[in-house]
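Trainee: Here is my input; please provide its structure:
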Amino acid sequence: MKIWLRINGLEFSSWYIVHKELAGAFREYGVEVHNDMSSYPLGVNEYIEMWWCDPEYWDWSDKKVRLRVGIALSEHRSLFATNPKTVIRNINQCDVLFCPSYSAMQAYLESPIEVPIYLMPLGVNPCEFHYCERNFDEMPFKFLHLGVTQFRKGSWLACEAFIKAFGKDDDAQLTIATHRPSPMYEQLQKEYGHRISFVCNKVISSLEYYKQHHVLVAPHLSEGFGLCIPEAMATGMPCIVSRCSAPREYFDKKYGWWIEMSELYSPVNQCFPGVRGLWRLPDVNSIAERIRYVFENRQECKEKGEQASEYVLANMTWKNSVLQAISTMEKLL
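Mentor: Numbering: from 1, shown residues only. Below you'll find the model as predicted:
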């Protein structure tokens, strides 16, 4: 099998990370991968053309290939963003579409898309994200919120809950960490910088953030997959996760704690302009209760982190992910 793996742009982002890991995992299974964005592969008609990025930017070649495969996610149930006709047209040129979660699949299942859709969860690289020993009794006890600091990630809720849960005399710390600043990052830093640590570093590996903290806090409103959660789990971090969207498919109370959802709703267009619909908000009191409980129950944290690492490293690697895709594509071929 030969795959021509394509992406729109190679600037550092979660799209780029997934593209790199997919290429590596396919090669581990003996698949020949061409991921040079500047050229066609030699003997292009022997390749599967595979696109991974926002479907709005897929630009299928006019070459004859063995199969056209798309990999896409969605954090909301509507595709009607900037160019819905372009998205639908590009996906309908596929022979098959893969989605990383059933949650992410809904937007495509409910759109005028006529191609078969299969599940292909994303994964972690066990060479990078491996179990790391932590002292859960050390102080300060450190919570981490990692990723783009934004509305969809519930970043402001992590800050509000931390202030609610801990007084100035409690030896607890929350870090808001990101690889690039955002308007919400700057706003929260200005408001909470006296109590909460804010770190923005394009160079540092996510593993370094995980190793330096005890528990991941992920109060998202919606996730198409949520890479940071299984990455943290792989390193032995228990997680505090919103009981909604994609993490419902791989996270469990054995690996941390659920954040319960409130009866408050907010428009999706606060994050995706022009997209209708509502997201349910995680309950800030539930987040505060969970992080306070974790602070007071360290041994339970350690045990849940160990179970989380064992589960992810056995079931959620990139090799597991591409094996499913290879099996599906071989049947189609």
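Trainee: where do the strands sit along this structure?
Mentor: With DSSP state E as the criterion, the chain has strands at 2-6, 32-34, 48-52, 67-71, 96-99, 117-119, 141-146, 172-178, 197-200, 215-218, 239-242, 256-259, 261-267, 278-282.
Trainee: Look up how far residue 4 lies from residue 63.
Mentor: 9 Å (Cβ to Cβ, to the nearest Å). Bear in mind the C-beta positions are built from the backbone N, C-alpha and C, glycine included.
Trainee: typed the wrong thing, it's residue 298
Mentor: Taking Cβ to Cβ, one finds residue 298 at 49 Å from residue 4.
Trainee: which one of these two has more residues nearby?
Mentor: residue 4 (24 against 16; other Cβ atoms under 10 Å).
Trainee: Tell me who's in contact with the more buried one.
Mentor: 33, 34, 35, 40, 41, 44, 47, 48, 49, 50, 65 (Cβ atoms under 8 Å, 6 or more residues apart in numbering).
Trainee: Which neighbours do residue 63 and residue 4 have in common?
Mentor: Residues touching both residue 63 and residue 4 (Cβ under 8 Å, 6+ apart): 40, 44, 49.
Trainee: Buried subset of these as a PyMOL selection?
Mentor: In PyMOL, this line selects whichever of those come out buried by 16 or more other Cβ atoms under 10 Å:
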select buried, resi 44+49
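Trainee: Domain map for this structure?
Mentor: 2-123+317-332, 141-315 (automatic domain parsing).
Trainee: Would you map the helices across the protein?
Mentor: 14-28, 84-92, 102-109, 155-165, 183-192, 206-211, 228-234, 284-296, 298-315, 318-332 (DSSP state H).
Trainee: now those helices as TSV including distance to residue 217?
Mentor: Below are those laid out as TSV (distance: least, Cβ to Cβ, whole Å):
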stretch	distance to residue 217
helix 14-28	18
helix 84-92	32
helix 102-109	20
helix 155-165	5
helix 183-192	14
helix 206-211	12
helix 228-234	10
helix 284-296	7
helix 298-315	13
helix 318-332	25
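Trainee: Give me whichever of the ones you listed is most buried.
Mentor: helix 228-234 (a mean of 27; mean count of other Cβ atoms under 10 Å).
Trainee: That one - contacts with which helices or strands?
Mentor: strand 141-146, helix 206-211, strand 215-218, strand 239-242, helix 298-315 (3 or more Cβ pairs under 8 Å, 6 or more residues apart in numbering; DSSP states H and E).
Trainee: Redo these as TSV? Include mean pLDDT and distance to residue 265.
Mentor: Conversion of the helices and strands packed on helix 228-234 to TSV gives the following (pLDDT from 0 to 100; distance: least, Cβ to Cβ, whole Å):
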stretch	mean pLDDT	distance to residue 265
strand 141-146	98	22
helix 206-211	95	31
strand 215-218	98	19
strand 239-242	98	14
helix 298-315	97	30
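Trainee: In a markdown table: these, plus distance to residue 102.
Mentor: What follows is the helices and strands packed on helix 228-234, written out as a markdown table (distance: least, Cβ to Cβ, whole Å):
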| stretch | distance to residue 102 |
| --- | --- |
| strand 141-146 | 24 |
| helix 206-211 | 25 |
| strand 215-218 | 19 |
| strand 239-242 | 16 |
| helix 298-315 | 16 |
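Trainee: of these, which approaches residue 94 most closely?
Mentor: helix 298-315 (27.0 Å; Cβ to Cβ).
Trainee: ok, back up a step: looking at the helices and strands packed on helix 228-234, spot the one closest to residue 233.
Mentor: helix 298-315 (3.7 Å).
Trainee: tell me the angle of the closest one relative to helix 318-332?
Mentor: Put simply, helix 298-315 runs at 30 degrees to helix 318-332, going by axes from the mean of the first three to the mean of the last three Cα atoms, to 10 degrees.
Trainee: where are the low-confidence patches of the chain?
Mentor: For the chain, the stretches with pLDDT under 70 are 10, 12, 80-82, 203.
Trainee: If we use 90, what do you get?
Mentor: 8-16, 36-40, 75-85, 168, 180, 201-205, 269-277, 324 (pLDDT under 90).
Trainee: Show me the residue sitting in the middle of it in space.
Mentor: Among the residues of the chain, the one closest to the centroid is residue 226, at 2.4 Å (Cα atoms, centre = their mean).
Trainee: Dump the strands of the chain to TSV, plus distance to residue 185.
Mentor: Putting the strands of the chain into TSV (distance: least, Cβ to Cβ, whole Å) gives the following:
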stretch	distance to residue 185
strand 2-6	31
strand 32-34	35
strand 48-52	26
strand 67-71	28
strand 96-99	29
strand 117-119	33
strand 141-146	11
strand 172-178	6
strand 197-200	7
strand 215-218	15
strand 239-242	20
strand 256-259	21
strand 261-267	19
strand 278-282	19
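Trainee: Tell me which of these sits nearest to residue 312.
Mentor: strand 239-242 (10.7 Å).
Trainee: Quick one: residues contacting the residue nearest to the centre of the chain.
Mentor: By Cβ under 8 Å, 6+ apart, the neighbours of residue 226 are 218, 220, 245, 246, 247.
Trainee: returning to what we had before: closest to residue 274 among the shared contacts of residue 63 and residue 4?
Mentor: residue 49 (29.5 Å).
Trainee: how about the closest one, what does it touch?
Mentor: Per Cβ under 8 Å, 6+ apart, neighbours of residue 49: 4, 6, 60, 61, 63, 65, 67, 68, 69.
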